[in-house]
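1. Here you go, sequence then predicted model.
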Amino acid sequence: MNFASDNTAGVSPEVLEAITQANTGSALPYGNDDLTAKIEKRFNEFFEYETTSFLVPTGTAANALALSALAPSYGSIYCHRDAHINCDECGAPEFYTAGAKLVTLHGPHGKLHSGELETTLSATSTAVHHNQPAAISISQASEAGTIYGLGEIHQLSEVAKENGLYLHMDGARFANALCTLGASPADMTWKSGVDVLCFGATKNGAMSAEAVIFFNQDLAQSFGYKRKRGGHLFSKMRYLAAQWDAYLTNDLWFKNASHANAMAQMLKSGLENLPGAELYYQVEANEVFISMPENVLKVLENAGYVFYRWHDAASPVIRLVTSFETKEEDVKGFIETARAAS
């Protein structure tokens with residue numbers, strides 16, 4: 001069983017069926033088709049807001065292109081030191097912004113905190129020798145599998161507004177966070193002060209479908225050109241739109257994310273009290289970070305379970321990620337194998 005990532009999962013049958021249905025007849029290219037127009041309206045309904053949306057195939061494209069709309073080449077983008085944009089996007093945000101600087105901050109539980117951000121910004125010089133503050137980026141859920149509460153997002157947005165910055169949300173696991181908070185999409189985004197959301201579906205049952213959702217319309221004015229110039233304007237856009245149509249129909253996003261979250265909670269409950277085991281972060285979405293004795297990890301690896309050791313190959317801390325496809329029997333088998341080795 002593979003617990004390395006939710007990207008190891010397949011595609012929801014509903015999404016595959018939608019792609020098949022879109023594969024009949026002809027349609028205008030480059031997002032001028034009826035299905036893409038339909039999805040743009042569905043996003044407005046989903047977020048209870050008049051959004052401007054752009055479909056892209058990958059999360060890195062979504063984040064990097066979105067940030068290019070928020071920050072000039074001489075700007076600074078503030079993010080957690082473990083943020084995906086800092087650790088796992090090969091400099092794409094810096095590339096697409098033509099040189100903006102990522103300023104990383106430490107925060108417990110994998111999250112930025114408004115107090116530290118305020119302190120950092122207050123010490124920033126406006127001299128021509130220095131990058132100028134432009135945007136704040138948060139991940140919901142975070143790379144630690146933790147979740148920002150609505151109050152925390154609002155506090156960060158207030159810091160952003162007071163300092164003339166924009167707030168970007170990396171929502172690769174947006175659905176998982178929504179399920180945990182029990183909040184509406186509107187509550188967790190524009191009502192909390194988010195200017196642009198990178199809404200991910202790929203990790204939660206889509207084949208390759210991300211969306212950049214602008215709540216601040218002014219920021220969207222040049223994005224179409226940025227997407228094209230960056231090579232991410234699909235000619236046959238209807239195949240991305242079809243995935244979103246299925247994802248938003250009958251709350252498939254909620255069904256998939258709820259199941260993934262429940263499987264993570266099952267892992268947590270079964271592992272946290274084993275001898276020598278210690279949770280590294282609170283389990284709030286579909287990721288479990290836990291430290292376990294080396295002999296237990298070796299037994300699990302030899303039994304065929306796949307997972308990442310966090311930080312380095314010798315680390316006792318592992319990351320277990322569940323998905324919409326994770327089966328209860330696989331979770332129980334992992335727990336039983338770990339228990340027998342403890």
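-> Structure's in. What do you need?
2. Looking at residue 214 now. What's its pLDDT?
-> Per-residue pLDDT puts residue 214 at 98.
3. Please list all residues in contact with it.
-> Residue 214 makes contact with 51, 52, 53, 54, 69, 195, 196, 220, 223, according to CB atoms under 8 Å, 6 or more residues apart in numbering. C-betas here are computed from N, CA, C, even on glycine.
4. Next step: the residues you listed restricted to helices.
-> 69, 223 (DSSP state H).
5. number of nearby residues for the residue lying closest to residue 304 once chain neighbours are set aside?
-> The shortest distance from residue 304 to any non-neighbouring residue, by CB to CB, 6 or more residues apart in numbering, is to residue 1 (7.3 Å). Residue 1 sits with 18 neighbouring residues when counted by other CB atoms under 10 Å.
6. related to what we said a few turns ago, what would the contacts of residue 214 look like in CSV with distance to residue 246 and neighbour count?
-> Shown next, in CSV, are those (distance: CB to CB, whole Å; neighbours: other CB atoms under 10 Å):
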residue, distance to residue 246, neighbour count
51, 20, 25
52, 22, 20
53, 16, 22
54, 19, 25
69, 28, 25
195, 28, 25
196, 24, 29
220, 25, 19
223, 25, 19
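7. coming back round to it: next one: the residue nearest to residue 304 relative to residue 8, how far apart?
-> Distance of residue 1 to residue 8, computed by CB to CB, to the nearest Å: 10 Å.
8. residues shared between the contacts of the two?
-> residue 306.
9. quick one: the helices in the stretch 51-200 of the chain?
-> Ranges of helices in the stretch 51-200 of the chain, per DSSP state H, counting those that start in this stretch, are 59-70, 84-87, 92-96, 114-122, 150-162, 174-181.
10. just to revisit the earlier point, you'd agree the residue nearest to residue 304 is up against residue 301?
-> No - the criterion here is CB atoms under 8 Å, and residue 1 misses it with residue 301 at 11.9 Å.
11. Now do the longest strand along the chain: everything it contacts.
-> Counting residues, the longest strand found in the chain (DSSP state E) is strand 132-139. With contacts defined as CB under 8 Å, 6+ apart, strand 132-139 is touched by 63, 67, 70-72, 74-80, 83-85, 100, 110-112, 117, 121, 124, 126, 148, 153, 156, 159-160, 163-172.
12. Narrow those to those in strands?
-> Per DSSP E, these map to strands at 75, 76, 77, 78, 79, 80, 166, 167, 168, 169, 170, 171.
13. Around the fourth one, how many other residues sit close by?
-> Residues within reach of residue 78, counting by other CB under 10 Å, total 27.
14. Kindly report the same for the one 10 residues further on.
-> The burial metric for residue 88, expressed as a neighbour count using other CB under 10 Å, is 13.
15. Please list all residues in contact with it.
-> Contact analysis of residue 88 by CB under 8 Å, 6+ apart lists residue 60.
16. For residue 262, see how far away it is.
-> Applying CB to CB to residue 88 and residue 262 gives a distance of 26 Å.
17. What of residue 256?
-> For residue 256, the distance to residue 262 - CB to CB - is 11 Å.
18. So what does residue 164 look like in phi/psi?
-> Note on residue 164: its backbone torsions stand at phi 70, psi 30 [degrees, to the nearest 10].
19. Please tell me the pLDDT value assigned to residue 312.
-> Value listed for residue 312 in the pLDDT field: 83.
20. what secondary structure does it sit in?
-> Look at residue 312: counting by DSSP: H, G, I helix; E, B strand; the rest coil, its state is coil.
21. Serialize the ones in strands among the contacts of strand 132-139 to TSV and add fields for distance to residue 281.
-> Compiled in TSV, the ones in strands among the contacts of strand 132-139 are given as follows (distance: CB to CB, whole Å):
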residue	distance to residue 281
75	30
76	27
77	24
78	21
79	18
80	13
166	28
167	23
168	22
169	19
170	17
171	19
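22. After the longest helix along the chain, which helix or strand is next?
-> For the chain, the helix with the greatest residue count under DSSP H is helix 252-271. Per DSSP states H and E, the first helix or strand lying C-terminal to helix 252-271 is strand 278-279.
23. Pairing partners for the following helix or strand past that next one, with directions?
-> Downstream of strand 278-279, the first helix or strand assigned by DSSP H and E is strand 287-291. Using DSSP bridges, strand 287-291 pairs in its sheet with strand 278-279 (antiparallel), strand 317-321 (antiparallel).
24. so which of these is the most packed in?
-> strand 317-321 (a mean of 23; mean count of other CB atoms under 10 Å).
25. which residues does the spatially most central residue of the chain contact?
-> The centre of the chain sits closest to residue 172, judged by CA atoms, centre = their mean, with a distance of 1.9 Å. The contact partners of residue 172, by CB under 8 Å, 6+ apart, come to 59, 84, 139, 198, 200, 202, 203.
26. The first one: what's its closest spatial neighbour, skipping adjacent residues?
-> Using CB to CB, 6+ apart and skipping the chain neighbours, the partner closest in space to residue 59 is residue 172 (4.9 Å).
27. List of residues touching the host helix or strand of residue 225?
-> Using DSSP H and E, residue 225 sits within helix 223-229. Helix 223-229 is touched from outside by 52, 54, 56, 65, 66, 68, 69, 96, 212, 214, 233, with contacts defined as CB under 8 Å, 6+ apart.
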